[in-house]
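S.K.: I would like the atomic coordinates for the input below:
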Amino acid sequence: MPAAASTGVATLLRGPVRRARVVANTPSGVYLHVPGERSGDVVGVLTSDAVRLPLGCMLFRPSTGRPLVSAPAGAPAYVGSGRIVVGELTVTAAAWWDPRPRLPTPRPALLPEGVRQLRNTLYGEGVPHSAFSLPGMPTGPGGPLAALRGAVRRADLDAALRTASRLIGLGPGLTPAGDDVMAGTVAGLVLLGHPAAERFAAGVTALAAGRAGELSRALLAHAAAGRVSGEYAAVLHALVGERPLGPAVADLLDSGSTSGRATALGLCTAIDLVDRTGRG
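M.R.: Numbering: from 1, shown residues only. As a prediction, the model looks like this:
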């Protein structure tokens, strides 16, 4: 079965055949962990209607046709020589796509009206940002989201990094919302050219090593390299005036059960940090 593969997993796919194992299986995605240096890596076989993750090989068929095999967690698989094999399913990389958005400059200027529209759509127009919540997240002034907002208001990147220790691993789902918030923040800082993006990304990645699951760790590593979902990339392209913003934001917020809103919150956090600490 042919697929369009992310260049973010090109090394895995083009390398020698290696044994892998299923770490998660949904109607729209099968995720495989490939052991290697440090914690190894993860690659996903995703249907055409799944979130376009930077570690994904996108099939040209939707989940309604049930093209994916039902493989339990721990089931063996193989990755390499341009193929992924899971049970009777063999996926070949027939095309490639780049998950790092090509923005106009390394430190792009965002349209103020677009940023305002993104914030209003995420938080609700006229609603205080302090009222925003995510499933599985403690609310109120002592909660981690409130602490993150406080760090942003003070332009305190170290405080934001300390908040990451409270967010990573927090929340339900295949990728907990706290992990997605941090992935959205890390990627935003990298792609918007924050001068301390590399240090922040390294700190979050180190925290995730002992707290996050295999899929979240892999997505955070991609975020640190500026590799993001197609939905996240579309919003960034819209914020620099390259496409309409409304549909892009709607697609991002609708992606996954909590992931879209959480990564959008991360993007807004990164935008605020860039604005408050300067591009120096």
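S.K.: Find the nearest non-adjacent residue to residue 269, please.
M.R.: Of all residues not flanking residue 269 in the chain, residue 185 sits nearest, at 4.7 Å (C-beta to C-beta, 6 or more residues apart in numbering). Bear in mind the C-beta positions are built from the backbone N, C-alpha and C, glycine included.
S.K.: secondary structure class for that neighbour?
M.R.: helix (DSSP: H, G, I helix; E, B strand; the rest coil).
S.K.: Then residue 262?
M.R.: helix.
S.K.: ok, now how distant is it from residue 137?
M.R.: 9 Å (C-beta to C-beta, to the nearest Å).
S.K.: okay, those two: which has more neighbours?
M.R.: Set side by side, residue 262 and residue 137 show more neighbours around residue 262, with 27 against 21, by other C-beta atoms under 10 Å.
S.K.: any idea of the pLDDT on that one?
M.R.: For residue 262, the model assigns a pLDDT of 95.
S.K.: cool, and the one 10 residues further on?
M.R.: Reported pLDDT at residue 272 in the predicted model: 94.
S.K.: can you list the domains in this structure?
M.R.: 2-97, 112-277 (automatic domain parsing).
S.K.: What helix or strand is residue 151 located in?
M.R.: For residue 151, the enclosing helix or strand under DSSP states H and E is helix 144-153.
S.K.: just residue 91 next, same as before
M.R.: Counting by DSSP H and E, residue 91 is found in strand 89-97.
S.K.: Return the residues in contact with the residue of the chain most remote from its centre.
M.R.: Here the chain reaches farthest from its C-alpha mean at residue 88, the gap being 29.1 Å by C-alpha atoms, centre = their mean. With contacts defined as C-beta atoms under 8 Å, 6 or more residues apart in numbering, residue 88 is in contact with residue 69.
S.K.: Show the pLDDT at it.
M.R.: 86.
S.K.: same for the strand holding residue 91, what does it pack against?
M.R.: In terms of contacts (3 or more C-beta pairs under 8 Å, 6 or more residues apart in numbering; DSSP states H and E), strand 89-97 is packed against strand 2-6, strand 56-59, strand 83-86.
S.K.: Run through who's touching it.
M.R.: 1-7, 10, 13, 30, 45, 57-59, 67-69, 82-85, 230.
S.K.: partner strands of that strand, parallel or antiparallel?
M.R.: Strand 89-97 pairs in its sheet with strand 2-6 (parallel), strand 83-86 (antiparallel), by DSSP bridges.
S.K.: can you give me the helices for this structure?
M.R.: Secondary structure of the chain (DSSP state H): helices at 10-14, 112-123, 144-153, 157-167, 177-191, 197-209, 214-224, 230-239, 245-253, 259-277.
S.K.: what sits against residue 100?
M.R.: 8, 54, 191, 225-228, 233.
S.K.: Select from those residues the one having the most neighbours.
M.R.: residue 228 (30 neighbours).
S.K.: What's the per-residue pLDDT of residue 39 here?
M.R.: 59.
S.K.: Sorry, wrong one. I was asking about residue 101.
M.R.: For residue 101, pLDDT reads 97.
S.K.: which one is it nearest to, not counting chain neighbours?
M.R.: Nearest non-adjacent residue to residue 101 (C-beta to C-beta, 6+ apart): residue 233, at 4.0 Å.
S.K.: Could you do residue 168 as well?
M.R.: Residue 168's closest residue in space is residue 211 (C-beta to C-beta, 6+ apart), at 4.6 Å.
S.K.: okay, the nearest residue to residue 143 once chain neighbours are set aside: pLDDT?
M.R.: In space, not counting the residues next to it along the chain, residue 143 is nearest to residue 137; the distance is 6.4 Å by C-beta to C-beta, 6+ apart. Residue 137 carries a pLDDT value of 86.
S.K.: next one: phi and psi at residue 137?
M.R.: Note on residue 137: its backbone torsions stand at phi -100, psi 130 [degrees, to the nearest 10].
S.K.: from memory it sits against residue 170, does it?
M.R.: Yes - using C-beta atoms under 8 Å, residue 137 is in contact with residue 170, at 6.4 Å.
S.K.: hey, what's in contact with both of these two?
M.R.: 144, 177-178.
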